[in-house]
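Undergrad: sequence and predicted structure, then a few things I'm wondering about:
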Amino acid sequence: QVQLVESGGGLVQAGGSLRLSCAASGRVFSSNAMAWFRQAPGKEREFVARITWNRGTYYADAVKGRFTISRDNANNMLYLQMNSLKPEDTAVYYCAADGRPYYSGSVYRDDYWGQGTQVTVSS
């Protein structure tokens, strides 16, 4: 059974930093694209960042220059380093994985999801 489990969320003041982790089990994702999404209260889930199987990275404009996505394939882990946090970054953050290994197209799928971790940024 595939599981993605996020951790590292919490309450932080504006300008602070947090590092989110996503632990994958039940399947190795070292050859798969993985991503972070977030959902704020009353809003739709939105894309935050993606890392491809060969470590290409993509970011939403709202987080570019402040957030960094990375992966540790040896330990089947995904990370999101979040710096210079703003109150508008407050949301539940989810990790996701594309089920297709070595995918190099332009339309990614998010076949697997974690349960989310809450990030709250106070002003």
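TA: On my side now, so go ahead. Please read these numbers as outputs of a predicted model, since none were measured by experiment. Residues are numbered from 1 along each chain as shown.
Undergrad: list the contacts of residue 78.
TA: Residue 78 sits next to 21-22, 24, 29, 34, 36, 51, 69-72, 95 when contact means C-beta atoms under 8 Å, 6 or more residues apart in numbering. Every C-beta, even on glycine, is put in place using the N, C-alpha and C of the backbone.
Undergrad: what about 6 Å?
TA: 22, 34, 71, 95 (C-beta atoms under 6 Å, 6 or more residues apart in numbering).
Undergrad: give me the element it is part of.
TA: Residue 78 belongs to strand 77-82 when assigned by DSSP states H and E.
Undergrad: which parts of that strand are buried?
TA: 77-80, 82 (16 or more other C-beta atoms under 10 Å).
Undergrad: same deal with stretch 31-45?
TA: Applying 16+ other C-beta under 10 Å to stretch 31-45 flags 32-38, 45 as buried.
Undergrad: same thing with stretch 62-69?
TA: Under 16+ other C-beta under 10 Å, the buried positions of stretch 62-69 are 63, 67-69.
Undergrad: now stretch 94-114
TA: Those buried within stretch 94-114 under the rule 16+ other C-beta under 10 Å are 94-98, 103, 108, 110, 112-114.
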